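K.L.:
with the input below, show me the fold.
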Amino acid sequence: MPVYYCKNCRDNNVNQLTGSPVSRLKPANQQTGKPDNYIIVSKVRPEMCPTCGSTNLEQDPDVLDTWFSSWLWPFSTFGWPKETPELKYFYPTNSLVTAQEIIFFWVARMVMAGMEFMGDVPFKDVYIHGTVRDITGTKMSKSLGNVIDPLDMIKKYGTDALRFSIISITAQGQDVFLSENKFELGRNFANKLWNASRFILMNLKEEDIDVDLCVFFKESELALSERWILSRLYSTLDNVERCLGEYKFNEAANIIYDFIWHEFCDWYIEIAKSTITEKKSQVVLYKVLEKSLRMLHPFMPFITEEIWQELPRMKDAAGDSIMIQPWPHIQKNMISNESESDMKCLIDVITAIRNIRSVWNISPKREMTALINIHDKKDEEFLNKNMETIKRLSRLSSFLAGKRPKPKNSAASVIGTFEVYVPLEGIIDFDKERARLKKEENRIALEIKSIGARLKDKHFTQKAPEDVIEKQKARKVELELQVKKLKDNLSSLRGR
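P.N.:
Numbers count the residues shown, from 1 in each chain. All right, here's what the predicted structure looks like:
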């Protein structure tokens, strides 16, 4: 319904409480509760003011309120009711991103208006994001002064770090508990990617990498690590596409994070250092890095563009920016469950030996001997075939796999059907190690006691956010497991 007002009545209508003219159009005066006499609601334009007879009338240009006008937004902005090319192209669209508190006020009414005036819904999917809260669970608000200025975080951590950190912790439909230290995740990831890329670029030979990966994969006899990382690349890409299709952006970000950091950087690049001058390693390093950059680009556009610009260009590369490159295609023929299973076995063995080194406080530079008791001939052949990789990444002077009893004074770890033994005689001082383990056990026991007291405190459990309480519980369980391991190690030292 159009709204008109009489300029004459409006100018003479003075707020009796403040002595100032009424400045906003309202059906009723806030102070008196009575209708303001200069407002006229009429289907047709009135000829004169019914109060003073003045013809100096003006139609309010903002007839529709905010919520009502938002109903019409999907089609009214494209020329409706005319059938414009823009309306035909953009209506209906794919998705709407919104907060849960305005689902009825905005989303539902947009759907109803679209059905009424266009005969179709305005969008197919609605992505409902959570509310940003501070670490205590309070909604971030300028009035409360608990907001984190993104520009400050960009200056401190970087734009990509800000983007990736927020995406990775924002689960579908759940609130975000944000604190400044959460941005360290994105910053550390950017640093890891940058350093790994710089190492690869320093060692690339352009004449070796200008190949078609599919042809190269078929014609080359690749090592286990090379077949594994290519399989993991395309398995990761498959999972990322699935998550993006389901609007699980945080899961997609974390899948990419795990692949690039833990599998590509921590394992494959380390393994490839011994063969980095060979063409097979050159091709795999380059191809996995380039495709990983394209996969990561929507999440971290600036660093991926910067690194991509430094990559040697292939002859068929289109365009001069990563943002206009096609999304990587999944090569299902390179996905191999066997390669992934075999490499997992290798990683588990190396990790077990490294954990023994860490638990017994053995210097990373100190070479050791490791033995594996194996009950299957096939497993024995597999481990002996990959002996050099195990020795180099575990820093071993010797590695023996077969049917072997547990040596005296040795640390042990069980991996599936394997038993890993590391003789400790001559490597550690047993008396000093007993003292160290006992001191560590006492320290952890005090921390467990402190956490237990905090969890029993009603003031803490009633006011702290649920995720903070759960972290404390998880930390307590983790510490209790550490104490159990320490006691096992102390027991093994007493029994020697």
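K.L.:
low-confidence bits of this protein, can you list those?
P.N.:
For the chain, the stretches with pLDDT under 70 are 1, 13-38, 62-65, 314-319, 490, 492-496.
K.L.:
not counting sequence-adjacent ones, nearest residue to the residue nearest the centre of it?
P.N.:
Note on the chain: the residue nearest the mean C-alpha position is residue 168, at 2.1 Å, using Cα atoms, centre = their mean. In space, and not counting its chain neighbours, residue 168 is closest to residue 253: 4.4 Å by Cβ to Cβ, 6 or more residues apart in numbering. (Glycine included, C-beta is placed from N, CA and C.)
K.L.:
for the one you found, what is the enclosing helix or strand?
P.N.:
For residue 253, the enclosing helix or strand under DSSP states H and E is helix 249-258.
K.L.:
please state the offset of the helix or strand following that helix from the chain centre?
P.N.:
Using DSSP H and E, the helix or strand that follows helix 249-258 in sequence is helix 270-272. The chain centroid and the centroid of helix 270-272 are separated by 26 Å, computed with Cα atoms, centre = their mean, to the nearest Å.
K.L.:
the residue of the chain positioned farthest from its centre: what secondary structure?
P.N.:
Here the centre of the chain is the reference, and by Cα atoms, centre = their mean the most remote residue is residue 53, at 66.1 Å. Recorded secondary structure, residue 53: coil (DSSP: H, G, I helix; E, B strand; the rest coil).
K.L.:
could you pull up phi and psi at it?
P.N.:
Per-residue torsions, residue 53: phi 80, psi 10 (degrees, to the nearest 10).
K.L.:
also the one 5 residues further on?
P.N.:
Note on residue 58: backbone dihedrals following degrees, to the nearest 10 are phi -140, psi 130.
K.L.:
hang on, the earlier thing: tell me the secondary structure at the residue nearest to the centre of the chain.
P.N.:
Per three-state DSSP, residue 168 ends up helix.
K.L.:
quick one: residue 116 from residue 90, how far?
P.N.:
From residue 116 over to residue 90 the distance is 18 Å, taken as Cβ to Cβ, to the nearest Å.
K.L.:
which of these two has more neighbours?
P.N.:
residue 90 (14 against 9; other Cβ atoms under 10 Å).
K.L.:
right, and the more buried one touches residue 80 too?
P.N.:
No: applying Cβ atoms under 8 Å, one finds residue 90 not in contact with residue 80, separated by 11.1 Å.
K.L.:
any shared contact partners between these two?
P.N.:
Common contacts of residue 90 and residue 80 (Cβ atoms under 8 Å, 6 or more residues apart in numbering): none found.
K.L.:
just the strands in the protein please.
P.N.:
Counting by DSSP state E, the chain has these strands, from start to end: 3-6, 39-41, 57-59, 93-99, 123-129, 132-134, 176-178, 368-373, 396-402, 410-415, 418-423.
K.L.:
does residue 425 really touch residue 411, like I thought?
P.N.:
No: assessed by Cβ under 8 Å, residue 425 is found out of contact with residue 411, at 10.9 Å.
K.L.:
neighbour count winner among those two?
P.N.:
More crowded of residue 425 and residue 411, by other Cβ under 10 Å: residue 411, with 25 against 11.
K.L.:
and the more buried one, how far from residue 430?
P.N.:
Relative to residue 430, and taking Cβ to Cβ, residue 411 is found at 12 Å.
K.L.:
intersection of neighbour lists for those two?
P.N.:
The contact sets of residue 411 and residue 430 overlap at residue 424 (Cβ under 8 Å, 6+ apart).
K.L.:
coming back round to it: what sits against the residue nearest to the centre of the chain?
P.N.:
Residue 168 touches 185, 186, 250, 253, 254, 257, counting by Cβ under 8 Å, 6+ apart.
K.L.:
run the last query once more with 7 Å
P.N.:
185, 250, 253, 254, 257 (Cβ atoms under 7 Å, 6 or more residues apart in numbering).
K.L.:
report how many residues lie close to the second one.
P.N.:
Right, the one you point to is residue 250. For residue 250, the neighbour count with other Cβ under 10 Å is 18.
K.L.:
so it is in contact with residue 173, correct?
P.N.:
No: using Cβ atoms under 7 Å, residue 250 makes no contact with residue 173, being 11.0 Å away.
K.L.:
number of nearby residues for residue 41?
P.N.:
14.
K.L.:
tell me how far it lies from residue 66.
P.N.:
19 Å.
K.L.:
now do the biggest helix by length in the chain against strand 410-415, angle only.
P.N.:
Among the segments of the chain that qualify as a helix by DSSP state H, the longest is helix 466-494. Angle of helix 466-494 versus strand 410-415, following axes from the mean of the first three to the mean of the last three Cα atoms, to 10 degrees, is 140 degrees.
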